[in-house]
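Enquirer: could you look at this predicted model? Sequence included:
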Amino acid sequence: MQTPGPAAVELVDITKRFGRVVACDGVDLALQRGRIHGILGENGAGKSTLMKVLIGLVHPDRGEVIIDGQSVTITDPIDAAGKGIGMVHQHFSVVDALTVWENIALGDVGRLDPAAVRDRVGDLSRHYGLAIEPDARVGDLPAGMRQRVEILKCLRRDPHVVVFDEPTSVLTPAESEQLFDALRRVVDEEGRAVALVSHKLEEIRHATDTITIMRQGSVVERIATADSDAASLARAMVGRWVSLRTERAALGLGIEEAATVDDDVDDEPADARDVLELVGVSARGGDGRVLLDDLSFEVRAGEILGVAGVEGNGQRELGDLLSSLAPISAGEVRVDGRPVRCGVAGAMSRAGIAVVPEDRHDSGCVLEMTVAENLFLAEPERIAPRGVIDRRRMNDAAIELIERFAISCEGPDSPLWSLSGGNQQRVVLARELSHEPKVLIAAQPTRGLDVGAIEYMSDQLRLAAETGVAVLLISTELEEILDLADRIVVLSRGRVAGEMTRRDLDLERLGLLMGGADVSEPAP
Amino acid sequence: MTDIVAQPAENSPDEILAATRGRHLVIGEVVGLYVLSIAAALVLAGLLVAVTGGSAADVFNALLDGSVRNPGRWGLTLGAAAPLLLVALGTIVNSRAGLVNIGQEGQLLIGAAFATYVGVRLPGPGPIVVVALCGAGIIGGALWAGIAGGLRYWRGVPEVLSTLLMVIIAAQAVGYGLKNEGLLLSAAGNRANRNQVSEQLASDTRIPRLTWFGNEFPTTVFLAIALAALVAFALARTIPGFRLRMLGQNPRTAQRAGVGATRYGMGSMLISGGFAGLAGATMLAGGDFGNYQLVPGFSTNIGWTGLLVALVARERAVAAIAVAFTFAGLRTGSGFLAATGVERKITDVVQALLVLALLIPPAVLYIRERRRALNAAKERV
């Protein structure tokens, strides 16, 4: 640390193991008042574990937590709050059915004074520039607003130390900006210590004062933000030179860069035929809520169509629909001009639509089955001549796929749950691509994966498109879309809010569309 | 295209060794668990009997004598094991598909009723009638389970509830049938002074019995064992079995892969009920349960116990063979307990303890497996 000020909290020599995995290995970290500390690392670098130690969700095997010079034991998050440490989690812990102020009052003891809480919420939101309506029902709010609820809930307890875990993953670029402004106020005007955990280089460089980089459970570098440059940070984080376009995007090395890196992107041939068409598709939830609203778009052979948008605007429903998991109330889905029945088991798959689903555990694989079985879920006929599964044929075919897709596992017989997330994803991908699909749907394909796995997935999507498959990429990570897509449609409230090709890309307009703004087509 | 960054897929010799050692540990663990659990039950049971003034040794000897040691007893045990195994096999099929059928007792009774109706009325050569009455039993049981399946898939009624409640309806329906000569009740001249009893199956329409070393048992035993092998094979190696397991473990993945929950789920319920119905039919025509005729309460808990057999066998068809024999042994062995002079309530508790001892290890193993999978999942996050 360059200027050792008074540390609000210090973590000394923290070590935590989960089984054979060392999540944190002798990590030291001091969070000083009046500073934003960036904690940077890939998925699995130990950032989250370290922060969980700080708020008492994880108890370290070794090491101590020092607050104001005194060693303390933090038993649980309530204890941590009492000691002035609060955390805004990546996954919100708000109650949808309650209003904003009720959510903020949750956990209070004694008599509830609604008027006082409401006033305080108003004061806080004005003070930090995080405008919010105290009487709104949280379930009606978009993700960015729900996060504000979390932040206000945390700040109301007047903590000395606030931890933000990947706070921008659900925000539009503009919302992220507002969040960073609020953070600045928290540290500059009130002298609190803020820890910002992220794997996005650009936002860490943009929003922090000092940076701690973690890799494989250890701190590899501490540096003042002013002295850092993106390339060296990326190198420290991944432990090797980062040059690939995909990696740069994965690390959030700047949207502009990712978007402009190659202007020589081959414009898709205008005469490519439409393979997948959605025509006026509408779907409603069980409660009558409109999930997809007159949604129309088409994906051509050999192109990657990116579906951008903020989470919760119909992405999940679109993925479910194309996985035969949900019926529709109006419209039509066509593959090669032929309509496909929606919600009928296996219909989409038979029509040639392969899916790498948003949540592979939900609809992509069977954890309790073996790797080999998972590779032939949709077409067991291929390994079962005359209806009886031929073990040898299954294993041989599985080994071939395991090698072709470089799946790291003990063998075709190992249960799928014994594989790492990235390798489970490869199993899904291997199965879907081995059926020679006409359409490949990739829904949030790189969520929760590390850089190496992201790179692999991106390559596979490009390769699929090159071989003439129509690829539909549904992602809330804008960088991913900008990096891969030839054409972009923005999904907002279950309908296409706008469309643009890579050539006439306009980031501002894209951001506005994602934010739900009503933007008419730009003048030609 | 850039080169794919392959992760090393080979495992070091150390890791392979560790994995093998792990497998041995698991087997040792399973055996150890059963030994520990049964030993604890025996000690507890022994203490209980001793405290209440009986002789623990007498009780256990009686159980062993009654189930296998005394002349002719293991034949009886086999005869009781066959329907238990059949019920368990059906249960395994529906559990693998992710459905909970706990109404085997009723499905079995309806199966027996259908078998009775066909068996006493169908003219023709004996062997054909036997086959026909078994078929009728299968249809009856499948129908009863199918109603619950239909309610589940077309009306959203949880099958746990409907199958259970339909046991009660089955008992009432069969009771009604046994009051009507047009249905199941025997002609007045043939039923002496009994109220509710069906016609007896003619001697040539009964399942043949064998006598080995002085032990008599019905040939159903071989049928049940063959079916156990068939179920094990079908689940592990055939496409429908594969799809059924897929449905049970991840219905959404299954739906995407073309396994419709309604079609396969209904199918598994029908098979499950069919097995229970077949158990009922073979009990009727096998001779170990009553006098080749249907009476109220004919099912005598075979359905419930068969459910336990499937649970203890942890849904594995081959393991169910041994478990079914064990539970049948407890059943036949208990016949000798009265002679020990130990009070009935106490011997009931002793039996319950032994059943518990068999149930605890599968539960522990199941929880451990889940926890292991969960930890593996957590470590990766």
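Expert: Received the coordinates, thanks. Numbers count the residues shown, from 1 in each chain, chains lettered A, B, ... in the order given.
Enquirer: when you work out contacts or count neighbours from here on, use the C-alpha atoms and nothing else.
Expert: OK.
Enquirer: from residue A:107, how far out is the residue in the stretch 51-200 of chain A that chain B sits nearest to?
Expert: Taking CA to the nearest CA as the measure, the point where the stretch 51-200 of chain A comes nearest chain B is residue A:58, at 12.9 Å. Distance, residue A:58 to residue A:107, by CA to CA, to the nearest Å: 21 Å.
Enquirer: between those two, tell me which one has more neighbours.
Expert: Ranked by neighbour count (other CA atoms under 10 Å in any protein chain shown), residue A:58 and residue A:107 place residue A:58 first, with 18 against 10.
Enquirer: helix, strand, or coil at that one?
Expert: Secondary structure assignment for residue A:58 (DSSP: H, G, I helix; E, B strand; the rest coil): coil.
Enquirer: do the same with residue A:409
Expert: State at residue A:409, reduced to three classes by three-state DSSP: coil.
Enquirer: what about the residue nearest to the residue of the stretch 51-200 of chain A closest to chain B when sequence neighbours are not counted, how many neighbours?
Expert: Once flanking residues are discounted, residue A:58 sits nearest to residue A:52: 5.3 Å by CA to CA, 6 or more residues apart in numbering or on different chains. Residue A:52 has 18 neighbouring residues, counting by other CA under 10 Å.
Enquirer: name the helix or strand for residue A:52, please.
Expert: With secondary structure defined by DSSP states H and E, residue A:52 is part of helix A:47-54.
Enquirer: assumed residue A:488 was part of a strand.
Expert: Yes: counting by three-state DSSP, residue A:488 is located in a strand.
Enquirer: that one against residue A:497, yeah?
Expert: No: between residue A:488 and residue A:497 there is no contact under CA atoms under 8 Å: 10.7 Å.
Enquirer: mind exporting the C-alpha coordinates of the helix holding residue A:52 to CSV?
Expert: Output of helix A:47-54 as CSV, limited to C-alpha atoms (Å, rounded to 0.1, in the frame of the first residue of the first chain):
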residue,chain,number,x,y,z
LYS,A,47,-12.1,-12.8,-3.9
SER,A,48,-15.5,-13.8,-2.7
THR,A,49,-14.2,-16.1,0.0
LEU,A,50,-12.0,-13.3,1.4
MET,A,51,-15.0,-11.0,1.5
LYS,A,52,-17.1,-13.7,3.1
VAL,A,53,-14.6,-13.9,5.8
LEU,A,54,-15.0,-10.2,6.4
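Enquirer: report the secondary structure state of residue A:332.
Expert: strand.
Enquirer: residues in contact with the residue in chain A positioned nearest to chain B?
Expert: For chain A, the residue closest to chain B is residue A:346, as judged by CA to the nearest CA, at 3.3 Å. Applying CA atoms under 8 Å, 6 or more residues apart in numbering or on different chains to residue A:346 gives the contacts A:323-324, A:378, B:255-260.
Enquirer: okay, and which of those map to helices?
Expert: When DSSP state H is applied, the contacts of residue A:346 are split such that B:255-256 fall in helices.
Enquirer: of the contacts of residue A:346, closest to residue B:101?
Expert: Nearest to residue B:101 among the contacts of residue A:346, counting by CA to CA, is residue B:260 at 19.0 Å.
Enquirer: check contacts around that closest one.
Expert: Residue B:260 neighbours (CA under 8 Å, 6+ apart): A:344-346, B:254.
Enquirer: for residue A:74, same thing?
Expert: Residue A:74 neighbours (CA under 8 Å, 6+ apart): A:53-56, A:59, A:65, A:80.
Enquirer: most centrally placed residue in chain A?
Expert: Residue closest to the mean C-alpha point of chain A, counted by CA atoms, centre = their mean, is residue A:447 at 4.8 Å.
Enquirer: wait, doesn't residue A:198 sit right on residue A:166?
Expert: Yes: at 4.8 Å, residue A:198 counts as touching residue A:166 under the criterion of CA under 8 Å.
Enquirer: the two: who's more crowded?
Expert: Taking other CA under 10 Å, residue A:198 and residue A:166 do not tie; residue A:198 has more neighbours (24 against 18).
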